[in-house]
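Just need the structure, nothing else, for what follows:
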Amino acid sequence: MISLRKQFAALSAGILCVAAAAAHATQVEVMVTGVKDTRGHVHVDICTRDTFLKDNCPYSGDGVSKPGMTVVKVDGVPPGDYAVQAFQDQTNEGVVHQGLLGVPKEPIGFSNDAPLRLRGPRFRDAVIHVGNEVKHVTLTLRHLFR
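You can find the predicted model right below:
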């Protein structure tokens with residue numbers, strides 16, 4: 001049986017690890033340009049390699065659509081390599097609506113303004129590095145159906 005002292009030490013170590021991870025998490029501030037109107041909101045995801053171009057990215061945020069540029073701040077992002085994906089959710093339904101052949105009807109954008117390919121940009125073209133300081137990222141929404 002584990003002694004109370006060992007249990008307390010293990011619990012304390014676990015709390016310190018969680019606190020250290022939280023202390024190193026930072027904010028990613030995404031300046032989204034190319035917003036054409038005030039419909040809906042701008043949604044931003046901060047994605048790992050495994051979640052990029054999917055709907056389960058671990059960090060996300062929203063901002064009110066403002067013509068020209070909308071700033072979206074995402075808190076609690078630990079240091080590492082990520083890619084940013086964004087879209088203007090013009091209908092406030094939480095999804096990117098698609099037309100023929102899966103082409104997005106709503107404006108979309110990616111960090112580094114990564115070039116689009118048949119199945120979307122590559123992670124390596126969109127990758128950003130997040131450290132311990134606030135990370136500023138600018139991306140442009142693309143209007144593919146206009």
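
got the contact list for residue 138?
If a contact means CB atoms under 8 Å, 6 or more residues apart in numbering, then residue 138 has 30-33 as its contacts. For every residue, glycine as well, the C-beta is placed using N, CA and C.

try residue 109
Residues touching residue 109, when contacts are defined by CB under 8 Å, 6+ apart, comprise 32, 34, 85-87, 139-142.

Closest to residue 46 out of those residues?
When the contacts of residue 109 are compared for distance to residue 46, the smallest value, 8.6 Å, is given by residue 85; criterion: CB to CB.

any idea how far residue 72 is from that closest one?
Taking CB to CB, to the nearest Å as the measure, residue 85 and residue 72 are separated by 12 Å.

remind me which residues of this protein are low pLDDT?
Low-confidence segments of the chain, defined by pLDDT under 70: 1-23, 145-146.

Pull out the buried positions in stretch 66-86.
By 16 or more other CB atoms under 10 Å, the buried positions in stretch 66-86 come out as 70-72, 74, 77, 82-86.

Can you lay out those residues as TSV showing secondary structure and distance to residue 24?
Written out in TSV, the entries for those read as follows (DSSP: H, G, I helix; E, B strand; the rest coil; distance: CB to CB, whole Å):
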residue	secondary structure	distance to residue 24
70	strand	27
71	strand	23
72	strand	21
74	strand	15
77	strand	10
82	strand	15
83	strand	20
84	strand	19
85	strand	24
86	strand	25
